[in-house]
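*Asks:* what follows is a predicted protein model with its sequence.
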Amino acid sequence: MAATPVDEEWLAGLERKLVGVSSADGRIGLKEFKKVLTLSDGFIAERFFHIFDKTGSGSLSTHELIDGVSLLTRGSKLDKLRFIFQVYDVDGNGYIDPEELRIVIESCMGESTLRLSDKQLDDLTEALFTDIDVDGSGTITFEELKGQLERNPGLLENLTVSVPDWLSPELTKQRRRTRTSGFSLWRYIRNNIPVVVTAIVFVLINDVLFAYNAVTYWDSGRATSIARGCGLCLNFNGVAVIVLMLRKTITWIRGTAIGPFMPLDQHIDLHKVIAWLIVIFGTGHTTAHFVNFGLIANEPNATYAYWEYSFSTHTDVGWVSGSAGITGIILLLVLIVMVICSQPCVRRNGHFEVFYWTHMLFAVFYVVLLVHAKDFWKWFLVPGTAYIVERLLRSKLVHLARYGRTYIIHGTTMSSKVTHLEISRPPGFTFQPGDYVFLQIPAIAKYEWHPFTISSCPEQSDVIWLHVRSAGTWTTRLYEYFEKSTGVTRKFTIFVKAAARRVSSGTASLSEKLTQQYKKRLSAASYVNESVVNIGRDKAQRYIATRNPVECYIDGPYGTPSAHIFQADHAVLIGAGIGVTPFAAILQSIVSRYQKAKVQCPNCNHMFCGRIPQSVMKLKKVDFYWINRDQRAFEWFISLLTQLEVEQSSDSSNFDQFLEMHMYMTSALKKEDVKGICLQMAIELLHKNTQKDVITGLKTRTEAGRPNWHEVFGKIKAERKGKVAVFFCGPPALGKVLKSKCDHYGFTFRRENF
């Protein structure tokens with residue numbers, strides 16, 4: 001089989017790398033071998049090394065390594081299959097026995113960062129060995145392994161993947177990421193009309209304002225003309241930036257007829273863009289004035305020196321005691337501090353408090369700006385008043401008057417550094433699936449508010465669920481607080497016991513079933529599957545039913561792009577990591593709406609799902625994708641996912657056709673990687689035999705690696721279920737990829753922003 005150009009390129013690069021790591025005699029050891037081929041420390045790397053070491057000397061010559069790799073590069077499919085057999089045949093006797101297969105699978109688990117129990121490992125080994133050993137001899141021959149791959153065409157195809165993918169798939173990920181669809185301006189405009197129209201209008205307003213003042217003051221000099229033009233734009237942008245943070249107003253607009261025609265989902269992105277415009281116009285305004293001060297100070301009849309115009313108050317420049325120069329410098333310094341501390345490197349790297357407190361300087365900024373700019377109060381009057389009113393409505397006093405005191409009645413710390421909070425739901429507190437709230441816990445920090453998505457559904461009337469991942473100082477303190485406050489499982493509160501009675505009598509609601517199911521698992525220190533128990537061995541989950549509930553304050557709820565989901569035809573929910581929280585609430589709400597739509601046949605008492613009014617839910621199909629890096633992250637919503645699968649298996653519903661779940665674990669090696677092919681074969685076989693995923697314990701199979709979004713979106717488009725809307729919550733990098741794909745396929749894209 002001829003080598004591909006990529007293989008030849010990689011082989012040439014390998015030869016160049018050998019020159020730098022080989023010893024004087026041209027030989028390399030195991031350590032250098034791993035470095036050259038980008039292999040991790042482990043069994044597979046050592047097996048590769050020993051197979052290439054034909055002489056058994058414990059080191060490889062350049063000739064031996066190149067010959068071995070060249071065989072894989074230029075060899076046939078059969079050559080590559082023989083190589084795999086040699087890797088698995090640890091003792092080299094020409095057969096693979098069960099113990100050798102177990103060692104290989106265990107090594108593959110380590111490469112994929114999977115932690116399974118000994119029993120699960122034995123089950124995987126038995127399932128794969130039994131399937132391959134067709135003659136029942138107790139050993140696997142080369143022909144039997146070859147036959148196994150031939151019975152699974154998907155696996156056999158992986159043997160034809162180029163060597164860079166085969167040995168070091170990480171090296172090819174960068175290449176694959178660059179193979180994105182070409183940018184199409186027309187597609188972008190077609191899929192983002194509200195944003196595009198808003199941007200055009202916004203640019204035109206700034207252009208007109210700048211031109212108006214620049215022309216008006218043209219005779220006063222070029223520097224003055226530029227300063228005045230920038231100043232008028234600053235007046236406009238200074239109020240626009242706070243209008244975009246009127247959260248209650250934006251949430252209200254979402255529910256009106258004009259909501260779909262406004263770029264409400266992008267209000268935070270637009271807030272950031274306008275903030276940068278303020279920096280640009282502010283810098284231009286300040287620089288132009290400094291230039292103008294220099295020109296004035298250099299005139300023959302100048303009254304004051306340059307520094308006096310810039311830094312003193314007795315020059316009469318400015319409408320309040322000649323303070324324009326000093327207040328302008330203060331404004332620029334405050335603005336620089338706010339912008340720097342608002343960058344992702346600060347906010348998302350454990351320093352949210354720095355962002356939070358420096359952003360509180362906005363109050364100083366606007367007070368000084370009112371003193372600095374003579375006419376700014378005219379611009380600020382209405383938007384500023386609206387913002388102040390909103391801040392008052394969001395205050396603790398209003399919260400206490402409206403809802404009374406709110407308490408955290410349960411707290412659960414998980415081994416994946418996630419804290420699950422159950423908060424008593426205030427009377428009259430209404431929200432939509434996917435909404436978020438700001439949370440303040442005086443026991444953690446008296447003055448800090450942090451936004452979190454509500455992970456329970458509105459139909460759950462007694463409590464509000466929040467899932468908080470430890471990613472910064474405040475969230476870490478929260479986790480440690482409940483970890484220290486909780487002991488081993490304690491008895492449940494009265495409302496949980498009442499829910500248990502209703503579950504046993506069959507009259508419980510979905511929310512009560514979920515709550516009771518969740519508490520039962522915690523109290524029994526077990527989960528749906530052994531996998532989650534196994535990954536939690538080092539730090540078992542803890543549960544608290546507090547005798548002294550923790551007081552907290554909630555501000556909200558506030559709407560998100562998820563509010564549109566029930567008006568879509570085909571919704572695609574994509575959550576990455578803890579980004580699954582808004583979709584947890586949505587999925588619970590979908591199940592509740594399906595259950596409420598069930599009717600009973602008067603003749604046979606059979607329950608079936610009736611027609612759901614479009615005013616309640618327009619959805620025809622939902623695809624749910626949850627992408628996690630590691631295994632333990634799946635413990636967050638294992639109870640909910642189990643309940644969804646129970647509903648899917650019900651004979652009285654077509655829920656299995658309506659909802660499809662797709663799980664991905666990115667740290668697990670895909671079949672394209674020779675280090676993962678054995679494990680993936682075993683997992684597939686065990687899932688086929690037991691209808692149970694070994695990673696999560698669910699019926700839904702957890703796929704290794706990342707989704708191929710081109711294939712995923714192509715399949716969704718081919719289903720023709722109506723207009724497709726993609727809802728995403730997760731890392732910005734993945735959001736950019738999905739946005740590009742949605743533009744390509746003509747899907748609506750909505751991303752969660754806080």
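*Replies:* Received, thanks. Residues are numbered from 1 along each chain as shown.
*Asks:* so what's the residue count around residue 264?
*Replies:* 21 (other C-beta atoms under 10 Å). C-beta coordinates here come from the backbone N, C-alpha and C atoms, glycine included.
*Asks:* likewise the one 3 residues further on?
*Replies:* Residue 267 has 17 neighbouring residues, counting by other C-beta under 10 Å.
*Asks:* tell me the confidence at it?
*Replies:* On the pLDDT scale, residue 267 is placed at 88.
*Asks:* shouldn't residue 233 be within a helix?
*Replies:* Yes. Checked against DSSP: H, G, I helix; E, B strand; the rest coil, residue 233 lies within a helix.
*Asks:* go ahead and confirm it touches residue 210.
*Replies:* Yes. Counting by C-beta atoms under 8 Å, residue 233 does reach residue 210; the two are 5.3 Å apart.
*Asks:* higher neighbour count, those two?
*Replies:* residue 233 (24 against 21).
*Asks:* residues contacting that one?
*Replies:* Residue 233 makes contacts with 206, 209-210, 277, 281, as judged by C-beta atoms under 8 Å, 6 or more residues apart in numbering.
*Asks:* how does it look with 6 Å?
*Replies:* 206, 209-210, 281 (C-beta atoms under 6 Å, 6 or more residues apart in numbering).
*Asks:* grab the nearest non-local neighbour of it.
*Replies:* residue 281 (4.8 Å; C-beta to C-beta, 6 or more residues apart in numbering).
*Asks:* now for the one you found, how many residues are close by?
*Replies:* 23.
*Asks:* A strand includes it, no?
*Replies:* No. Counting by three-state DSSP, residue 281 falls outside a strand, being helix.
*Asks:* thought it was touching residue 235?
*Replies:* No. Residue 281 is beyond contact range of residue 235, at 9.7 Å (criterion: C-beta atoms under 6 Å).
*Asks:* hmm, back to that, do you know how far the residue nearest to residue 233 is from residue 234?
*Replies:* 5 Å (C-beta to C-beta, to the nearest Å).
*Asks:* which stretches of the stretch 201-350 of the chain form helices?
*Replies:* Listed in chain order, the helices of the stretch 201-350 of the chain (DSSP state H, counting those that start in this stretch) span 222-243, 247-254, 267-297, 306-311, 324-340, 344-347.
*Asks:* give me the buried positions along the third one.
*Replies:* The one in question is helix 267-297. Across helix 267-297, burial judged by 16 or more other C-beta atoms under 10 Å covers 267, 270-271, 273-275, 277-279, 281-282, 284-286, 288-293, 296-297.
*Asks:* now for it, which elements pack on it?
*Replies:* With contacts taken as 3 or more C-beta pairs under 6 Å, 6 or more residues apart in numbering; DSSP states H and E, helix 267-297 sits against helix 222-243, helix 306-311, helix 324-340.
*Asks:* can you list contacts of stretch 52-59?
*Replies:* 27, 29, 60, 64-65, 68.
*Asks:* of those residues, which belong to helices?
*Replies:* The helices, defined by DSSP state H, take in 64-65, 68 from those.
*Asks:* among the residues you listed, which one has the most neighbours?
*Replies:* Busiest of the ones in helices among the contacts of stretch 52-59 [other C-beta under 10 Å] is residue 65, holding 23 neighbours.
*Asks:* how many other residues sit next to the nearest residue to that one once chain neighbours are set aside?
*Replies:* Counting by C-beta to C-beta, 6+ apart, residue 52 is the residue found nearest to residue 65 once chain neighbours are left out, at 5.9 Å. As a burial measure, residue 52 scores 19 neighbours (other C-beta under 10 Å).
*Asks:* can you check residue 477 too?
*Replies:* If we define neighbours as other C-beta under 10 Å, then residue 477 has 15 of them.
*Asks:* dihedrals phi and psi, it?
*Replies:* The phi and psi values for residue 477, taken as degrees, to the nearest 10, are phi -60, psi -40.
*Asks:* distance of it relative to residue 91?
*Replies:* Distance from residue 477 to residue 91, by C-beta to C-beta: 53 Å.
*Asks:* so which bits of stretch 683-692 are buried?
*Replies:* Neighbour count says stretch 683-692 has 683-687 buried, by 16+ other C-beta under 10 Å.
*Asks:* could you export that stretch as PDB, CA atoms only?
*Replies:* In PDB, the C-alpha atoms belonging to stretch 683-692 read as follows (Å, rounded to 0.1, in the frame of the first residue of the first chain):
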ATOM      1  CA  ILE A 683     -17.000  -1.200  25.300                       C
ATOM      2  CA  GLU A 684     -19.100  -1.600  22.200                       C
ATOM      3  CA  LEU A 685     -19.500  -5.300  22.700                       C
ATOM      4  CA  LEU A 686     -20.400  -5.000  26.400                       C
ATOM      5  CA  HIS A 687     -23.000  -2.200  25.500                       C
ATOM      6  CA  LYS A 688     -24.400  -4.500  22.800                       C
ATOM      7  CA  ASN A 689     -24.800  -7.400  25.300                       C
ATOM      8  CA  THR A 690     -26.100  -5.500  28.300                       C
ATOM      9  CA  GLN A 691     -27.700  -2.300  26.700                       C
ATOM     10  CA  LYS A 692     -25.800  -0.400  29.400                       C
END
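*Asks:* any idea how far that stretch is from the middle of the chain?
*Replies:* Averaging C-alpha positions (C-alpha atoms, centre = their mean, to the nearest Å) puts stretch 683-692 29 Å from its chain's average.
*Asks:* again, but for stretch 239-257
*Replies:* Counting by C-alpha atoms, centre = their mean, stretch 239-257 comes out at 25 Å from the chain centroid.
*Asks:* gap between the two ends of it?
*Replies:* Using C-alpha to C-alpha, to the nearest Å, one end of stretch 239-257 lies 25 Å from the other.
*Asks:* what of stretch 400-409?
*Replies:* 18 Å.
*Asks:* again with stretch 576-584
*Replies:* 12 Å.
*Asks:* residues in contact with that stretch?
*Replies:* 434, 453, 455, 467, 469, 562, 573, 575, 626-627, 637, 640, 729-731, 734.
*Asks:* kindly report the same for stretch 136-153.
*Replies:* 81, 85, 95-97, 132-134, 155-156.
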